[in-house]
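Student: Sequence and predicted model, in that order:
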Amino acid sequence: ARLARAPAQAVRYCFEEGAAPLWAGKAGRAPDPVPACPLCGGPRRFEMQLMPQALHYLGVDAADDKAPDFATVAIYTCAASCA
């Protein structure tokens, strides 16, 4: 339902407290809890997400066996921005 608001979106960015990615299904999600920052040991939080539409905008040939294929790529960063 939330994707229906902007079905062509390729990147979702949100560094707000409590933000979470929109998952395509129950499999392949990030571990819960997300591992701590390896530099400071603090918590990581969701920052951005690549949506499968990004493959289209990048001109990826889906017929190529070596082409990337994903439902979502969730990126978590240190909440303290230590790096």
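Tutor: Thanks, I have the structure now.
Student: So which residues of the chain form strands?
Tutor: Listed in chain order, the strands of the chain (DSSP state E) span 11-13, 44-50, 73-78.
Student: For the last one, buried residues please.
Tutor: Residues of strand 73-78 classed as buried by neighbour count (16 or more other C-beta atoms under 10 Å): Ala74, Tyr76, Cys78. (Glycine included, C-beta is placed from N, CA and C.)
Student: what's the closest of those residues to Arg29?
Tutor: Within these, distances to Arg29 taken as C-beta to C-beta reach their minimum at Ala74, with 8.0 Å.
Student: residues touching the nearest residue to that closest one once chain neighbours are set aside, list them.
Tutor: Leaving aside its sequence neighbours, Ala74 sits nearest to Pro21 (C-beta to C-beta, 6 or more residues apart in numbering; 4.1 Å). Neighbouring residues of Pro21 by C-beta atoms under 8 Å, 6 or more residues apart in numbering: Arg12, Ala30, Phe46, Gln49, Thr72, Ala74.
Student: Tell me which residue is most central in the chain.
Tutor: Nearest residue to the geometric centre of the chain (C-alpha atoms, centre = their mean): Ala74, 1.9 Å.
Student: just checking, it touches Arg45?
Tutor: No. Counting by C-beta atoms under 8 Å, Ala74 does not reach Arg45; the two are 11.0 Å apart.
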